[in-house]
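K.L.:
take a look and give me a structure for this.
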Amino acid sequence: MAITEPPHTSAEGLTITALLRRNALEYAERPALTTGLGPDAGTLSWSQLRAEVAALARGLAAVGLERGDRVLVAMSMRAEHWITELAAVHLGALPCSTYDTLSTGQIRAVARHSAATVLVLEGGEQMRRWRPVLDDLPALRAVVVLDRETAAPAGDPRFVSYAAVRGAVPPQDAAFEALTDAVTPDRPLTLSYTSGTTGEPKGVVLSHRNVIHESLMHELLVPVPDHPRSIAYLPLAHVAERVLGIYLPICNAGHVTICAVPEELPAALLAVRPHGFFGVPRVWEKLSDALRARLDALPEEPGAALEQARKAALELYRLRSEGKDLPPELTEGLERLDAQVMLPLRAAIGLDQCRRAFSGAAPVPAAVLEFLASMGLPVYEVWGLSETTGAATVGAPGAFALGSVGRPGPGVEVKEADDGELLVRGPVVCAGYLRADGTVEPAADAEGWLATGDVGTVDSRGLVTVTDRKKELIITDGGKNVAPTRIESLLRTHPLVAHAVAVGDRRRHIAALLVLDETAAPPWARAHGIAEASDLAALARHPVVLDALDRAVTEANGELSRAEQVKKYRVLAGPWTTESGELTPKLSLRRRAIDELHAATIESMYT
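P.N.:
Have a look, this model is predicted:
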């Protein structure tokens, strides 16, 4: 089922290059891109941003970048990253941001497959990681290095500084306008290599039409104020950040603040007070913890009003979730109470002006969603892949249910295949996969349907529920098909648990790995009188912790069928990170890597 009404602004005929020009002309002095926080922050207006893009595009053309070429960008979150991507697009080249967690082998595979002709590196760290593979890239013409203090290899003519490229050619306004006009909606815009939770990564090619339609979907379904404020903090290799951090702000002439250090996100939220915010489940869990801490710190006086407001907010959320009518007396009273007692609490974490709160990449525990909704911050789940330009389905105030991922966006269709796999069709489905020879292999079948690899259902309200990855279903030795994400979501509701992994494929029962939350576990331990509260390894063995997790597992098992129930578990100190190998850059579980890294621990639950 699909929503059939078109986006409020048609994507037909639009390109990212033309929209950037519109912003530079109509909103010339409005802020486009801010780097940093406070008095030391630097901001580019829309006219300044486009001027930087034009200057770099001229220089990249001078070093040999041509239409159809691929450009790999290994750079942190900084303004030059945006400028490089957009400059390449104006030349008709295909930019690709790479994750900074790639191993040398993964770098070599991506670089070879893309046949990149230009590589843009930030500095010494990127040079160290990329240098071993450069001689294996016969198509490489130029390596542009951003930081001036990074020394290029002596005698290698391919290396050139970013500053030299940017200033290589004098302004040529007519030529740049011609480049802008030459871009068409179905031209490839960006290349995104999937993070590889299962199998080898593939190079997903997205067009201007793909990303503009995706952006306008968000604008239609959950409106925000004109020129909205947002924060870019996820890697730009992540399809969600590419859309929300680059393309959506170009479509709505928004103002993006770059948060280059993830640990600074709480401070960025307070400084920016974004109108829209996307988080993976772990981020929402941490924000939920921050709100709970604010609640616990309140004096007793506002308790009655706060509880009344929270009860009303949660009741409204549940009625919306069930698709029921909202009593006017409930909605009218809540608005006043929210302003009095809940808005200040949301302001304390920087989300008092957030109108569009989305979560994706994995299921959020229902308890977290209900708690946030009770604080006047309903978070709606979205679902999609790199191949669907991010979200194919979107939860919205009038179209969601607890546990679902919303309805297909405007113009998008979702249906179940005979084996339960979800299929997607519509303008967000990617152009295809990049072949090694530079051509693009369609990702969809002859009728336009993309097989997502996710298993789920579409109900009578058109709401989509994803039950699991098709390739991640656990099949026990008794032949039972078990979806691990449902089990894991229940286990993660306990504040001690940062990550939960259900295992048991071809085994006689389900078992689980529970990883302690490095942020929440120490204060929990202190509150329970444990002396070694800051020692995660000690906490993983402590009888009080184990007793609490015993109860958590028992509680989760009460919600599960017999085949799904966790018979044994092990507690790990953690933390798990992209560097330790258990998580992808978008903080999804690398199940194959977890199986290998923790093979002995998993085996101990079956011997």
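
K.L.:
OK, contacts around R461?
P.N.:
G323, A399, A401, R407 (Cβ atoms under 8 Å, 6 or more residues apart in numbering). Backbone N, C-alpha and C define where each C-beta goes, glycine included.

K.L.:
PyMOL command for the buried members of those?
P.N.:
Isolation of the buried members of the contacts of R461 (16 or more other Cβ atoms under 10 Å) is achieved in PyMOL through the command below:
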select buried, resi 399+401+407
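
K.L.:
could I get the contacts of R461 in a markdown table, plus columns for pLDDT and secondary structure?
P.N.:
Shown next, in a markdown table, are the contacts of R461 (pLDDT from 0 to 100; DSSP: H, G, I helix; E, B strand; the rest coil):
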| residue | pLDDT | secondary structure |
| --- | --- | --- |
| G323 | 87 | coil |
| A399 | 89 | strand |
| A401 | 92 | coil |
| R407 | 95 | strand |
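
K.L.:
adding distance to T457, write the contacts of R461 out as a markdown table.
P.N.:
Formatted as a markdown table, the contacts of R461 follow (distance: Cβ to Cβ, whole Å):
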| residue | distance to T457 |
| --- | --- |
| G323 | 16 |
| A399 | 16 |
| A401 | 11 |
| R407 | 13 |
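
K.L.:
and of the contacts of R461, the nearest to V243?
P.N.:
Of all the contacts of R461, R407 has the smallest distance to V243: 18.5 Å, by Cβ to Cβ.

K.L.:
isn't the closest one right up against V394?
P.N.:
Yes: using Cβ atoms under 8 Å, R407 is in contact with V394, at 7.0 Å.

K.L.:
out of the contacts of R461, the closest to A175 would be?
P.N.:
Nearest to A175 among the contacts of R461, counting by Cβ to Cβ, is R407 at 44.6 Å.

K.L.:
what distance do you get for the closest one to L319?
P.N.:
18 Å (Cβ to Cβ, to the nearest Å).

K.L.:
now V71
P.N.:
Going from V71 to L319 by Cβ to Cβ gives 50 Å.

K.L.:
neighbour-wise, which of the two wins?
P.N.:
Taking other Cβ atoms under 10 Å, V71 and L319 do not tie; V71 has more neighbours (26 against 15).

K.L.:
wait, what's in contact with that one?
P.N.:
Counting by Cβ under 8 Å, 6+ apart, V71 has contacts 60, 65, 84, 88, 93-96, 116-120.

K.L.:
hey, what's it bridged with?
P.N.:
P95, V118 (DSSP bridges).

K.L.:
going forward, the N-terminal residue is numbered 86.
P.N.:
Noted, 86 is the first residue going forward, which turns the last one into V156.

K.L.:
give me the pLDDT for it.
P.N.:
With respect to pLDDT, V156 scores 97.

K.L.:
before we move on, the earlier item: filter the contacts of V156 down to the buried ones and hand me the ChimeraX line.
P.N.:
Once 16+ other Cβ under 10 Å is used to decide burial, the buried members of these can be selected in ChimeraX as follows:
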select :145,150,169,173,178,179,180,181,201,202,203,204,205
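
K.L.:
between the contacts of V156, which is nearest V630?
P.N.:
Using Cβ to Cβ, C181 comes nearest to V630 of the contacts of V156, at 43.7 Å.

K.L.:
domain-wise, how is this protein divided?
P.N.:
364-526+534-553, 558-689 (automatic domain parsing).

K.L.:
how about this protein, which residue sits the furthest from its center?
P.N.:
Distance from the C-alpha centroid of the chain, by Cα atoms, centre = their mean, peaks at G240 (40.7 Å).

K.L.:
what helix or strand does that one sit in?
P.N.:
Applying DSSP states H and E as the criterion places G240 outside every helix and strand.

K.L.:
parallel or antiparallel, which strands does the host helix or strand of Y518 pair with?
P.N.:
Element membership for Y518 (DSSP H and E) is strand 517-519. Note on strand 517-519: by DSSP bridges, its sheet partners are strand 288-292 (antiparallel), strand 525-526 (antiparallel).

K.L.:
any idea of the mean pLDDT in it?
P.N.:
95.

K.L.:
any idea how far that strand is from the middle of the chain?
P.N.:
21 Å (Cα atoms, centre = their mean, to the nearest Å).

K.L.:
what are the boundaries of the strands in the stretch 236-385 of the chain?
P.N.:
Remark: strands assigned in the stretch 236-385 of the chain by DSSP state E, counting those that start in this stretch are 244-246, 273-278, 288-292, 314-317, 340-343, 361-364.

K.L.:
I'd like the ones you listed laid out as CSV, including distance to T550 and mean pLDDT.
P.N.:
Shown next, in CSV, are those (distance: least, Cβ to Cβ, whole Å; pLDDT from 0 to 100):
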stretch, distance to T550, mean pLDDT
strand 244-246, 51, 94
strand 273-278, 26, 94
strand 288-292, 25, 96
strand 314-317, 28, 97
strand 340-343, 32, 98
strand 361-364, 20, 95
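
K.L.:
alright, calling it a day.
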